Structure formats: structure tokens, C-alpha cells
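Undergrad: Coordinates for the following, if possible.
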Amino acid sequence: MSNWMRHRVAQAVLAIFAVTLAACERKPAQISFSQTEIDLGTIFTNDAIHTYDVEFRNVGDEPLTISSVWPSCDCVKVERYDTVVTGGKTGTIRVGYNLSIYPPGDIERMITVSSNSADTTDHEVFFHAHLKYAN
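TA: I've put the predicted structure just below:
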């Protein structure tokens, strides 16, 4: 085999290797919430204990790991959450809240979700409601 032929074969092998390597490149884990501002609507003070499922998706290829979910106050409880979500799949954070201890009016609470997401490690999800006395 001539030197020229060896050179051409080496170039072809390198090109195939580069294309294969590029095809195998995986995106890091990244969390994406369906909503980060959740309107709970009007809630009557005598019926203000509820749960809400916050949905999110891992838009990356690598596994997304939720390390913690912190509520903003004692009236919000994190009941459960998916700790590991594989690439392209969805997960859920179940949040319970008891707003009956507050007077009527507008209220805002939040949870902070900590994860290995590539864009930032902490994400905030806000809950808005209007509390009203029952008739």
C-alpha cells in the first residue's frame, strides 16, 4: 500500500471516529418546569388545606438528581418528590399547604428545588392564592 493510500485510509478512519464521537455526545441534566408561577385561585379559609403536584422534565440526557426541596414557610410541606429522573422523562413534587392560618387577602409562597441541573442548582416555584372567608 502506498503512503498516499495509507494517508487516505487514516483520514477516513479519523472522520468516522469524529462523527461517531459527536453522535455520542450527551447533554447534561437540566430541569424544566411546566410552571414556575402557579395560581391556586380563590381559597376559602375553612377549606385551605390542599395538595398540588408540581411537574418538571429533565430536558438533558444525563440523570437529573433532586437533592432537596425547601418550602418558604411552615404552612407549606413537601410531601414527596422524585429524586432521580432520567433524560427526557418527567417527575413530580407533591406539595401540601395549609393556608387556613392566614387572614383573607393575597398570599404568595414558594419552594426552592436544589438539583444537579446544568443551568443553575436552585430553582424557585411560586404559589399565589387569594384567601377569602367562607360565607
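
Undergrad: what's the closest non-adjacent residue to Phe44?
TA: Leaving aside its sequence neighbours, Phe44 sits nearest to Ala134 (CB to CB, 6 or more residues apart in numbering; 4.3 Å). All C-beta atoms are positioned from the backbone trio N, CA, C, and that covers glycine.

Undergrad: Partner strands of the host helix or strand of His50, with direction?
TA: Using DSSP states H and E, the element containing His50 is strand 49-58. Strand 49-58 has its sheet partners listed here by DSSP bridges as strand 31-33 (antiparallel), strand 90-98 (antiparallel).

Undergrad: And the next helix or strand past the last one?
TA: Note on strand 90-98: by DSSP H and E, the next helix or strand toward the C-terminus is strand 105-115.

Undergrad: Return the set of buried residues in that following strand.
TA: Neighbour counts over strand 105-115 (16 or more other CB atoms under 10 Å) mark Ile107, Arg109, Met110, Ile111, Val113, Ser115 as buried.

Undergrad: Could you check how many residues crowd around Glu124?
TA: 13 (other CB atoms under 10 Å).

Undergrad: any idea how far Arg8 is from it?
TA: From Glu124 across to Arg8, the span is 57 Å (CB to CB, to the nearest Å).

Undergrad: cool, and Ala29?
TA: Ala29 is 41 Å from Arg8, where distance means CB to CB.

Undergrad: which one of these two has more residues nearby?
TA: In this view Ala29 and Arg8 are compared by other CB under 10 Å, and Ala29 has more residues nearby, 22 against 12.

Undergrad: did I read that right, the more buried one in a helix?
TA: No: according to DSSP: H, G, I helix; E, B strand; the rest coil, Ala29 belongs to no helix; its state is coil.

Undergrad: That one contacts Pro63, correct?
TA: Yes: shown here, Ala29 and Pro63 form a contact pair, counting by CB atoms under 8 Å, at 6.1 Å.

Undergrad: The closest residue to Leu40 other than its chain neighbours: helix or strand, and which one exactly?
TA: Excluding the flanking residues, the one nearest Leu40 by CB to CB, 6+ apart is Ala129, at 4.0 Å. For Ala129, the element it lies in under DSSP H and E is strand 122-132.

Undergrad: just to revisit the earlier point, pick out the most distant pair among the buried residues of strand 105-115.
TA: Largest separation among these by CB to CB: Ile107 and Ser115, giving 26.3 Å.
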